[in-house]
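A.B. asks: sequence plus the predicted model coming up.
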Amino acid sequence: MISTAKYWVFIVLFLSLVLGYSIYNQTFTSENQNFHSQVVNLNDGYGYQIMRGEKIVIFQEFIPGFPGKQKFATEDQALKTAGLVIAKIEAGKSPVLKVSDLTDNNISTGAAH
């Protein structure tokens, strides 16, 4: 009976250590995976992707919020828009942009053709 009690104590301690380590490791990994962006050259314009660590979480080929499928005219506009999206995500808000968000930041509908 004493050996059975020792066995269960050992199992509980082992599982506690494993659980504690996995929680610690998951928290540490999440904190080191900040959002960042990359501009994507689409031949006739630009888009962007938002990444967390190595994982792409948003791939945006077209200017969000504008009707039709208009690409960004410049890399700078794509990068600036990606920055707006990242700021919203990090603030805990929806990454959806309004037309006013873009026009306030001088991002136009004019795409390179």
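C.D. replies: Thanks, I have it. Numbering: from 1, shown residues only.
A.B. asks: so after the helix or strand of the chain with the lowest mean pLDDT, what's the next helix or strand?
C.D. replies: Here the helix or strand of the chain ranked lowest by mean pLDDT, DSSP states H and E is helix 2-31, holding a mean of 63. Using DSSP states H and E, the helix or strand that follows helix 2-31 towards the C-terminus is strand 35-41.
A.B. asks: gap between that next one and the chain center?
C.D. replies: 11 Å (CA atoms, centre = their mean, to the nearest Å).
A.B. asks: which residues touch that strand?
C.D. replies: Here strand 35-41 makes contact (CB atoms under 8 Å, 6 or more residues apart in numbering) with 46-52, 57, 59, 61, 75, 78-79, 82-83, 85-86, 89-90. The way it works is simple: take the backbone N, C-alpha and C, and place the C-beta from them, glycine included.
A.B. asks: what do you get for stretch 74-82?
C.D. replies: Contacts for stretch 74-82 (CB under 8 Å, 6+ apart): 37-41, 46-50, 60, 63-64, 72, 97, 102, 105, 107-108, 112.
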